[in-house]
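>>> structure for the following, please:
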Amino acid sequence: MNFLGHARLSLAGNDDFLFGNLIADGVRGSDLSDWSSEIEAGIRFHRRCDAVIDSHPETRWLLTQVPPASRRVAGIALDMMWDHLLAGDMRDDDIERLYRLLAREDVPSRLASLIEWVEVRDALRRYRELDFTLSTIASIGERMTARRLAAKRIMPRQSLRGTHGAGGLDAGENPLAGITPWLADNRALLQDSFARLWPDMLALRQHVVLG
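Residues are numbered from 1 along each chain as shown. Below you'll find the predicted structure:
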């Protein structure tokens, strides 16, 4: 899940717990002693949610439905589509709370450019627009492609012989743009699948957050 998915599962917690959920992708390692206990709890809950959703039978089934060439990166696209499906029900005061927390000074530096992008484009509101969500998915693929091309330029020439990009992709191929037509055509299928998946995530929240 992306920002909105993790936010929806942790809004019932206090600001530090919610903040931990929002920044978890920018925090590396298992030693979280630099963070307060509530932020640490939020980071760990985020990671637990990711593990549950990645191994969920509904997620595994969906990965068999996407075009085979896109399966390696389909999880990224699905995360974004879950935010799209959740965005329409987000209250404006909750969105403002998320933006306020993302503006905190202790946001991990590796998330700074992403958060700036989210804020400038008001992405947390605009995820309700399918076209915006799909273009965002494609733009993530563009950044992945740029990183792959940069890595190729610095690799020794002999190590490049007979190779393509990661996962067999050509180094210049956008690994996410190709899946966006399928996402648009199968929005109803994704919505039905998410409706079966989401109650299990809410049950996890009930146990951990509201305990």
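
>>> return the distance of the longest helix anywhere in the chain from the chain's centre.
Secondary structure of the chain per DSSP state H: the longest helix is helix 130-154. On the basis of C-alpha atoms, centre = their mean, to the nearest Å, helix 130-154 sits 14 Å off its chain's mean C-alpha point.

>>> element containing the closest residue to A24 other than its chain neighbours, please.
By the measure of C-beta to C-beta, 6 or more residues apart in numbering, the closest residue to A24 outside its immediate chain neighbours is H46, 3.5 Å from it. Every C-beta, even on glycine, is put in place using the N, C-alpha and C of the backbone. Taking DSSP states H and E as the criterion, H46 maps to helix 37-55.

>>> show me what secondary structure element comes after that helix.
Sequence order places helix 57-65 as the next helix or strand after helix 37-55, per DSSP H and E.

>>> next helix or strand past that following helix?
Toward the C-terminal end, the helix or strand that comes next after helix 57-65 (DSSP H and E) is helix 74-87.

>>> quick one, that following helix and helix 57-65 angle?
Inter-element angle recorded for helix 74-87 and helix 57-65: 120 degrees (by axes from the mean of the first three to the mean of the last three C-alpha atoms, to 10 degrees).

>>> show me what counts as buried in helix 74-87.
74-87 (16 or more other C-beta atoms under 10 Å).

>>> mind saving the C-alpha coords of stretch 191-203 as PDB?
Extracted in PDB, the C-alpha atoms of stretch 191-203 (Å, rounded to 0.1, in the frame of the first residue of the first chain):
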ATOM      1  CA  GLN A 191     -12.200  -2.800  -7.000                       C
ATOM      2  CA  ASP A 192     -13.900  -6.200  -6.400                       C
ATOM      3  CA  SER A 193     -10.600  -7.800  -5.400                       C
ATOM      4  CA  PHE A 194      -9.800  -5.000  -3.000                       C
ATOM      5  CA  ALA A 195     -13.200  -5.300  -1.400                       C
ATOM      6  CA  ARG A 196     -12.300  -8.800  -0.500                       C
ATOM      7  CA  LEU A 197      -8.800  -7.900   0.700                       C
ATOM      8  CA  TRP A 198      -9.500  -4.700   2.700                       C
ATOM      9  CA  PRO A 199     -11.600  -6.300   5.500                       C
ATOM     10  CA  ASP A 200      -8.600  -8.400   6.500                       C
ATOM     11  CA  MET A 201      -6.500  -5.300   6.700                       C
ATOM     12  CA  LEU A 202      -9.100  -3.600   8.900                       C
ATOM     13  CA  ALA A 203      -9.100  -6.600  11.200                       C
END
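
>>> using CSV, please lay out the buried residues of helix 74-87 together with pLDDT and distance to I115.
CSV is the format used below for the buried residues of helix 74-87 (pLDDT from 0 to 100; distance: C-beta to C-beta, whole Å):
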residue, pLDDT, distance to I115
A74, 94, 25
G75, 94, 21
I76, 94, 18
A77, 96, 21
L78, 96, 22
D79, 95, 16
M80, 96, 16
M81, 97, 21
W82, 97, 19
D83, 97, 15
H84, 97, 19
L85, 97, 22
L86, 97, 19
A87, 97, 17
